[in-house]
Structure formats: structure tokens, C-alpha cells
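Coordinates for the following, if possible.
(chains A and B)
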Amino acid sequence: MTLNTADFRQRALTNARYTADLIPQNAIVAGVARSPHPHARIKNINTAGALAIPGVLAVLTAEDFEGIRLGHNDSDEPVLTTVARYVGDEIAAVAARDQQSLLRGIEALQIEYEILPHAITIDDALDLPTSIHDSCTDNITDRFQAARGDWYEIESQVDIWVDNTFETAAVPHAYLEPRAAVVHVKDDCLELVCGSHAPSMMADHYRPIVASWGSQLEIHTPAMGGSFGAKWQHSTHLICLLFAHRLQQDVAIVLSRRDDMIAGRTRAAMRFKMRIGATATGKLLAKETMLWSDNGAYSLHGPAVMRAATFRADSLYRFAATRSEGQLIYTNNIPSECFRGLGITQSTFAQEQLIDELAKRLNIDPIKLRKMNTVCEGETTIHGWQVGSCGIVDCLDSISNRINQYRRNQTSATNNRYRIGYGVAAFIHCIGNRGYDQHFDRAYVKLTAMPDGRIRISSGEVELGCGTVEVLIKTVSHELAIDPQQLDVVLGDTAIGPHGMGSFASRTSFFVAFAAEDACRRFNQMAQHELLQNIEVTGIYQPDNVVVPDESGYGNISAAYTFGTHGCCVRVDSYTGKVSVEQYWAAHDAGKIVDINAAEGQVIGGVMQGLGYALTECTAVDDNGQLLNPGYLDNRVPTFADAVPVDVIFADTFENSGPAGAKTIAEQPIIPVAACVANAVHDAIGVRLNRLPINPERVWRTLNHDTNS
Amino acid sequence: MGSSASTIRPTQLPDLELFWPTHIDELIEHIKGGAKLLAGGTDLLLQARNQGQPQKLAWIGNIESMHNFAEQDEQWQVGAGISLGKLISNAAFRRAAPAIVDAAQLVGSVQIRNQATLLGNICSASPAGDTLPALLVHEAEVETAKSHSLLLDDFLIAPGQTALAPGDILLSVSLRGLRANEISCYYRHTERKALDLAVASVAIRLSFEDDGCTIAAARIALGAVGPTAMLAKQAAESLVGQPLTKKSIANCATIAAEICNPISDFRASADYRRLLIRVLVGDVINQIEKRVQLLP
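Numbers count the residues shown, from 1 in each chain, chains lettered A, B, ... in the order given. Prediction:
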């Protein structure tokens, strides 16, 4: 992808080209046969009928990908499977000359299944007589424990405990562009075009596989129509690559929305049993968390998400002791994956409701209670995070002021039917995570003087919509004192490089800005004694103050930390349970703001995504694992008509370790939304909604003390 | 940058045979030949894409008589080619059939409303079809090519199923506009403000006596709480002959909630749908009372 203006401008002007725009004429089409059963052994596949259909060119089954795995950590996901582990699991792939032959070919595959007992809920999985993966007999694929402080000593000082169980729902990433991949055959090289968070790391994974077929591999990342954590290694890539290799023709796959939702990825559904202890005066002392995370059928980033959800949110407050345990459980659901906020979006839903509950029980204003207990600049948190700039108090004060002002001017008062309520929630989040890859936590930016006199900026990071292109152009044009019109940006192209870790964990802008600065320094140095045309330099950034955390997750994993507080006013219809958000406030400490419009857009988008998560979205699955709402009609992502007024406020902070004092505004805006809404609903109707989504029927049932809510 | 092959994206339509008849007789010939009548296409083209059927379509856009949209003696005729957008933007129709306009304004999105037709909504016979309860309270009758007319209530048989005979087509719907001292209104419950399906819906038409408060006649229809949109006759009758009071409204709402026949599915439980009917009946009557005050 070559760009020379901000990414959002390319998209708005419809100049952006997505994977499906790059399908060559006469490309072969590929598609996948999916399991209709949540758990079944494939006894036999007869491909003869499919291959007899004119237009069907080839069929692939598990045998063709023997020994190849997709997952990042546990490597438990085959490309095509011999045991179906969720409805939609991929059994065989078909290549055909056109879409109609493809669909007929998929239908003509005769697949014999031996049905196995299945588990749709965490509890069913823990009781399941069979294991979902042979390697994991109890279906608990990962466990994590962290304990800090002298628990028994601190526990004895606690005057008041608040505790509850919280459940979050699995939701799809709901990006606009469904999964797609195109493979071009160029001599002995296969060129894969697809959206990806981490094309370099993906190439590292796929290259040995493609090399074993005698081919080389390059990956190009075109514009992505959203990902939010979903688009990593995926079976569609290797299926297209192998078909292209075997048929020596270009191959493309574009999933329908339905297939993309059935066999996509979801935010992990989680259950927290959590309690927080404090003194009678409101000093937070202890927090205990037990987490069960529904991994779905395969471990992608499931372990990382579970770990983050187990303990990371603790770092917002000065707890003296914490005890946390997490379990990651295989079920026969759609595989879970990281999703904006990692697991912190889920754990903040639990933690911030307990803080709210504690404030109510102690009769302390919830903002004041938070201000008394949040970490501050210069402190090291209970999990070893070294806090640099910290604008949390600013954020809390801004929200408090906004709410008070709004309340004074509020005209629609609570009545018997409509109840008004206010809620707040706060969060902490990191910028990158040194623990993600022990060997690698850098960013590279390469500057190449092109023959036509233009400068090419290239990086292995990609543009997720957070302004990476803009950051690169601004930094380089400033440092080299060059007209931005003379710059081209190429992201996520392994043929051009350099290697990059990938865009995730809110790290990209922060990392590439420094790497670009370093590249510019080298460029300027070289320009003193070298012809401009000969200059190609690579800048590097690696934060110097971070460490790989120990086994319990202790250590400074991020160069800086971001904070924020959200507030909202809701109106609850106590007759129907419907929650309407009347006004929303989002205060963020993102360091020095470089582009106010882009930053505000990022916050508003995140808040809307969070409101969908809070109020309307879920993957509805029946007892047999069938997804009942594989589309946006019944999986209610908010529309423009549902947009609410969002007042965005940025704390006035300057991060000494950040580029130009900036931190980041990427995942953060979604994190506190569900908790903020739940707290406002509690304020309005006096009952706590501890399950997501907070949809009208659930509110109505909770109000009527119905235990089936 | 290559251009994409014609059939590679699942979102693309398969090859379809399209006819453009200019007369009804010609249209009927195509229908006999296996073509499906194409009006707005907002449901039909999705079927063609997702199920590969139908493959032949006969578009009615060029048939003038299908675009009939006129009033005579308070009876409105709406032809098969009339989009929801056209209904909404017609000021006289907005006064004559507010409940239908309330409903039409809630269907899909602006783009869908400008394309989708009222008769298409009828033919789809969705239990949750927004315009159907509203049409029922406006005493809608459909006219088919075989020239008999049928009450809408008799035309709707089951989800997706109507009394339309094979080979026959719907030409128009006629409905009764409001008279003096009458008002109608339609409300639905959804979780989202646009692009959503009714979880439950209620349309009501009330006729007031000259005193402006006693109910002379009432029609109530319910949506998404049975296999088809349905008239709630007992609930309507309970209002007649007395002025609206909190008690009479509550009584009417309770009857409506009792006589409906909702199912439980992942969208909502039957219990909850009954509750919604009770709340919506009250809300619609309250809205009607507000609209009455605005009458000349």
C-alpha cells in the first residue's frame, strides 16, 4: 500500500484499495466447507462428486496441511481439520473457476461425521466427558496466577468488602471488510495480499511452509476495512497459497458476511468473580479476582487475553495486596481472539462496577473515591508498572465538572416510568507490551531516496485507522524539512520491509514516530557526505525502560501508560427496560495531542463501539452451537442513527518518554464504556446489571428480580 | 491494479435474466414463464444472491398502471410500484394514513425506503413487517391480477406465506383514509434506531364521537406477536362507547397482551413480547390523544 496523505483522507475520497479490489481478472475462486456440528470427528471425505463438477479445479483436505498450525501461542489450530470443534470449523477447501461452481463443489463434498459431545458454556466444558483437544484432557488450556503484597496481613485491615460475579458476552469484531485473501503467482514467488496486524510475523510463520513447497513468499497489506484485533494468521491464507502453488494461477477468497461471522473471531466471553476490600474511610486495600475465560475452539491470542484480563486493570489503583487467578477454557464456540482493549475491556466492566458499588456503600462520591486511590506520576504500580505522566486526576475532575454542569441544566427529570442516572468508569492501559514477544519489541522505519527524488518511508507496521501514515509523514517532513508531498509511505510490504512487529497493543504511532525520528537522524548524517540518490537508512526504536515481565506478570511492560475516565447520563424506560444514552463524556490522558480531529474521531468511534458492546451486541448461539445472528441485522452494531453526543476532553499532559510528548489514543476509548453505562443504569434504577449486553429484556427481568436475566 | 472478476465476491449477484415489460399482460406472460415479479427488490435480490433463486426477474418499473397512487372518496389506491419513500413524502397521504407513514418511516434505512415498495412489504408477509399492522387498521384490501380483492387479514397466512395463487400477482392495495374525528398511529419496539426488526409493534385507529372524547370505533393490530400481523378485535371493542381513561387504556392493553400469540426466540421471549404489547398499546393511545389535539 503506497500512500501519501493521511489514511482517513484516502478512505473518504474512496482512493483506498482493499483486498477484494485487487483480485485479478480470471483469478481462481476458493471457498471452504464448514462443519454443521459443534464437535465431530470427520470419518471420511469423498471429494469425487465435487471434482466431477465442471469448473471445480481442486480440493484440499487436512492431509494437505499435515503438521501445519495457525495459532500464535499454543499452535492448536490446523488449517483444515479432522475434528470439527465449532459450527463453521473448516473441513475442506475447494477451488473453482467461478463462484457458482465453487458453491456447487462445496455442496457436493460428502463428509461423514461422528458426532461427539459438545460444550457451549464454560460450565459444560468443565463437565464435558470428552476433551475438545487431545492435548488438554480437562479443557482448561491455560492457567495464570498472580499474587502481590501480604494478602493475609492486608485482608485483616479490610473494613468493607464488595463482591459480585460479572459476565461479558462474546461479540464479533464487526469490521466492515470481511476476510479476504488474494495470491498472485509471480515466477517462483507467491504474493499474498490480505489484511493483517502483523505481516512480517505472518511471513515468518508462512515462509518455511511455502519454502517446503519450493516457493518463496511475499506479503502485501492493502488498506484494511477494520480489524480491531481479528486479522492475524488465518486458514484462508494458506488455502489460497497452496491452491495457487498447485494450480500455478492467481487465487482469491472473499468470505461472505455470514461465513465471516460464523467462522470469524470474537471477543472472549468471560466470567469474573471479583471482590474489593477497603477501609471504612475508602482507602482501597485488596482485590481478589477469579476469571474463567471462554477460549472457544482454538487458542489464538486467548492466553494473552486471559492473562491481561486477570490482573492488569488492578494497576489503576494503589491496592496493597491482590490475588488473581485465571483459567482459559476450551469450548465448542467460535474461537476467541484479541479485540480492542485486550481483556481489559472485560475486566474493567467488573472492576469499575465494584468501585461504584463501594462508593455507594461508603456514601462517598464515586469520583472522589477514585481520586483518593488512583496511582500517580512517578509511582510504580502493584504489578511493577512505572507510571510516567499521569492525567487521571484531570480526567476525573473534567468528568465530574461536566456531569455537574449537565445535571444543573437537565430538563427531563426522573419520573415513574423514565429514570435518569449518571455513571462513571476509569481505566489504565499500556502502549505495547514487552511481554508479547521475549525476543522482539522494536519498530523499524526505513527511508529510501528514490530515483525520482521522492523519499519513501517504509515500515513493517500497518495502518489500522489510528493515524500511523499521518504520524510518519508529519515526523519525516518535519525532521528532514521536506514537503510532505515528496513523501510516500509503504506499510506492511515484506518485499520492501523493514521487518516489523505489527500494529496492536496501542503501540504503533508511539513506536514508529521514534523509529522515524531515528531514521531521519541517520538520513541527515548520511546526507552530509553521500549523494542523495544513494541514501537508504533504517531507524530503530526500542524503549529502554521496559522489561520482560516475570512469570506472574510483574514488570514494567510499557514505555508509558495512558489513563482515562468516562461519564454518561442514561434514561431507562422502567416499563420496557430500554436504556437510552442521553449524553456521553470521555476524558483521556493520551499525552500531548498532535492532531485534535483525528484524536477526537478515535475517541468517538471507540465510545460507539463500546456502546454496542454494552447495550446490544452478542453472538446468540443455540444449544447446538449454531450461531443465530450471523449478520448485522440481528447482531446490533450501532448505526449512525444510534450515535449519541460524545463530549471529548483531553488531559493536558506531556509524556517525557513519548514522541513530542504524545502517548497514544488507540484501543483506549472502548475500555470503560460498558462499566460506565452499567454504573449509570444502577444509578437510574437501583439494580446492578452484571451481565452483558445490557439489553432491554435483561434490564426488565433484572428489575423484576427474575433470576433468568 | 487489476479489476475484479465478475463473480468472485459473495456480495455480487449471480447472472440474472431481467425482463422489462410495459403492460400487465406481458408481465403475466413472463410470470408464467417462471420469472418473479421485481418491484423494489430489497428482499428479492438478496434471495437471488443467497439462494441462487429466482434467476428470472420481470421488473414492473415500466408498467404505468402499477404506479397508481391516488385517492377517491377517502379510499386510497397504492400500486405495486409505489415505494415507501413516495408514501412518506406525500402530504395528503400523511394526513390520510398516519399509522402507515409511521411504519413506513421505520423500515430499514433511507436507501431501502426509497427502493422498497408497500406491496413488497405485504408480499414478504413477515410477522414483523412494519406496515402490516398499520395497513390492517386502515382496512386494507389487496387486488390481484385475477381481479378479485381480498382483505389483507385473509391474505396474510403465515410467515412468508400469502393467499396469492401461483402465477397470480398483486396489483395494488386499497385502504381507507382517515375521516373527520379519526386518528391512527403505529409504534414498535426495537433495540436500535434504524435497520432493525420490530420485537413487537402496535397500530391503532380510533374514531371519536362529535364530543371529541367518546370512542365511536376502534381498530387495533399487533405485529411480531403471532405468525402474521393480527387484528386485536376484543381489545379494540373494549374501548368503544366510552371516553379514554387510564383504566380503559390499561384494560385494553391487558386484553391485547392476552390475546396475542408470541413465540420465544433469541430476539425476545414470549413473556417480554406480551409485556411490550401492553406498554405499546398504552403508548400508541397516548400518542393518538396528542395527535387529536392537533386536529383542525
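
any idea how far chain A is from the residue nearest to the spatial centre of chain B?
For chain B, B:T131 is the residue whose C-alpha lies nearest the centre (CA atoms, centre = their mean; 2.1 Å). Distance, B:T131 to chain A, by CB to the nearest CB, to the nearest Å: 18 Å. C-beta coordinates here come from the backbone N, C-alpha and C atoms, glycine included.

Touching, that residue and B:S124? I think so.
No: using CB atoms under 8 Å, B:T131 is not in contact with B:S124, being 10.1 Å away.

Not counting the strand or helix carrying B:A70 itself, show me its contacts.
Assigned by DSSP states H and E, B:A70 belongs to strand B:69-72. Identification of contacts with strand B:69-72 by CB atoms under 8 Å, 6 or more residues apart in numbering or on different chains yields B:76-79, B:82, B:86, B:90, B:92-93, B:96, B:177.

for the stretch 1-150 of chain B, what spans make up the helices?
With helices called from DSSP state H, counting those that start in this stretch, the stretch 1-150 of chain B shows them at B:24-32, B:44-51, B:84-88, B:91-96, B:98-104, B:110-115, B:118-124, B:131-137.

Farthest from the middle of chain A: give me that residue.
For chain A, the largest distance from the centre (CA atoms, centre = their mean) belongs to A:H529, which lies 45.4 Å off.

Helix, strand or coil: sort out that residue for me.
coil (DSSP: H, G, I helix; E, B strand; the rest coil).

So which bits of the stretch 101-250 of chain B are right by chain A?
Within the stretch 101-250 of chain B, the residues that sit near chain A (CB under 8 Å from any CB of the partner chain) are B:109, B:189, B:191-197.

Let's see that with 10 Å instead.
Neighbours of chain A within the stretch 101-250 of chain B, by CB under 10 Å from any CB of the partner chain: B:108-110, B:189-197, B:199-200.

for whichever residue of the stretch 401-550 of chain A sits closest to chain B, what are its contacts?
Nearest residue of the stretch 401-550 of chain A to chain B: A:R417, at 9.2 Å (CB to the nearest CB). Going by CB atoms under 10 Å, 6 or more residues apart in numbering or on different chains, A:R417 touches A:572-576, B:279.

May I see the residues you listed arranged in a markdown table, with secondary structure, distance to A:T47 and neighbour count as well?
Formatted as a markdown table, the contacts of A:R417 follow (DSSP: H, G, I helix; E, B strand; the rest coil; distance: CB to CB, whole Å; neighbours: other CB atoms under 10 Å in any protein chain shown):
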| residue | secondary structure | distance to A:T47 | neighbour count |
| --- | --- | --- | --- |
| A:V572 | strand | 56 | 27 |
| A:D573 | strand | 56 | 19 |
| A:S574 | coil | 59 | 17 |
| A:Y575 | coil | 57 | 19 |
| A:T576 | coil | 53 | 22 |
| B:V279 | helix | 56 | 22 |
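
Where do the strands of the stretch 101-250 of chain B begin and end?
For the stretch 101-250 of chain B, strands defined by DSSP state E, counting those that start in this stretch occupy the ranges B:141-144, B:149-151, B:156-158, B:161-162, B:170-176, B:182-189, B:200-208, B:215-223, B:230-231.

most neighbours per residue, which of these?
Most buried of these, by mean neighbour count (mean count of other CB atoms under 10 Å in any protein chain shown): strand B:200-208, with a mean of 28.

and that one, how far from the chain's centre?
Put simply, strand B:200-208 sits 14 Å off its chain's centre (CA atoms, centre = their mean, to the nearest Å).

Going by neighbour count, which residues in stretch A:578-597 are buried?
Of all the residues in stretch A:578-597, those buried under the rule 16 or more other CB atoms under 10 Å in any protein chain shown are A:578-579, A:581-595.

Filter those residues down to the ones in strands?
The strands, defined by DSSP state E, take in A:579, A:581-589 from the buried residues of stretch A:578-597.

could those be laid out in CSV, adding distance to chain B and pLDDT?
Output for these, formatted as CSV (distance: CB to the nearest CB, whole Å; pLDDT from 0 to 100):
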residue, distance to chain B, pLDDT
A:V579, 10, 98
A:V581, 12, 98
A:E582, 14, 97
A:Q583, 16, 97
A:Y584, 16, 98
A:W585, 21, 98
A:A586, 21, 98
A:A587, 26, 98
A:H588, 27, 98
A:D589, 32, 98
